[in-house]
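Enquirer: below is the sequence, then the predicted model.
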Amino acid sequence: MPDFDWQIARGSGVVSEPLALRDDGGCFACGERNPIGLRLKSRWDGEEYLTDFTVRPEHAGWAGVAHGGLLATVLDEVMARLVWEKGHTAITAKLEVRFRRPVKVGEPLVVAGWLVRASGRAVETRAEARAGDGSVVAEAAAIALPPR
């Protein structure tokens, strides 16, 4: 796995400096203070970290169909929150998403994430978005690393 180096752009150059992670309630996916956010709420069920998500009309890409980028956001969020809840200070460095079928506007989903492995600095996670019948509509894998 490549060693990622988080960079913060400043002025005309790029300067490496530590990035402090803090929750100010403004997260697009889970923040209570974000007026246009998704306001996702997560919970534990055994080793899975779950969130419920229903696709609204403003989440559409094609008419009546969820935008894939939004589904990727929800998958990423459940994995990122899982990493945080497990006590790791890390952010997504790599995200792979596979869409198994289109998701319709109005369709409720349960998104489940779980820890695969934590070794060294890297934390590997997986997630699935499941329809009401339990079928997987999208799945993801991620690697999170500490910011630096």
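Expert: Nice, thanks for sending it over.

Enquirer: and the residue nearest to residue 73 when sequence neighbours are not counted, its phi and psi?
Expert: Nearest residue to residue 73, sequence neighbours excluded (Cβ to Cβ, 6 or more residues apart in numbering): residue 29, at 6.0 Å. No exception for glycine: its C-beta is placed from N, CA and C like everyone else's. Note on residue 29: its backbone torsions stand at phi -80, psi -40 [degrees, to the nearest 10].

Enquirer: so residue 29 makes contact with residue 75?
Expert: No. Using Cβ atoms under 8 Å, residue 29 makes no contact with residue 75, being 10.2 Å away.

Enquirer: neighbour-wise, which of these two wins?
Expert: residue 75 (29 against 20; other Cβ atoms under 10 Å).

Enquirer: and the gap between the more buried one and residue 116?
Expert: Distance, residue 75 to residue 116, by Cβ to Cβ, to the nearest Å: 14 Å.

Enquirer: which parts of this protein are strands?
Expert: 8-10, 13-15, 42-45, 48-54, 91-99, 108-119, 122-130, 136-145 (DSSP state E).

Enquirer: just to revisit the earlier point, got a pLDDT number for the residue nearest to residue 73?
Expert: Residue-level confidence at residue 29 comes out at 76, pLDDT.

Enquirer: ok, it - contacts?
Expert: The contact partners of residue 29, taken as Cβ atoms under 8 Å, 6 or more residues apart in numbering, are 37-38, 40, 73-74, 76-77.

Enquirer: can you list which of those residues are found in helices?
Expert: Using DSSP state H, 73-74, 76-77 are the members of these that sit in helices.

Enquirer: report the two of those separated the most.
Expert: 74 and 76 (7.3 Å; Cβ to Cβ).

Enquirer: from start to finish, how long is stretch 87-101 in a straight line?
Expert: By Cα to Cα, to the nearest Å, the extent of stretch 87-101 from end to end equals 33 Å.
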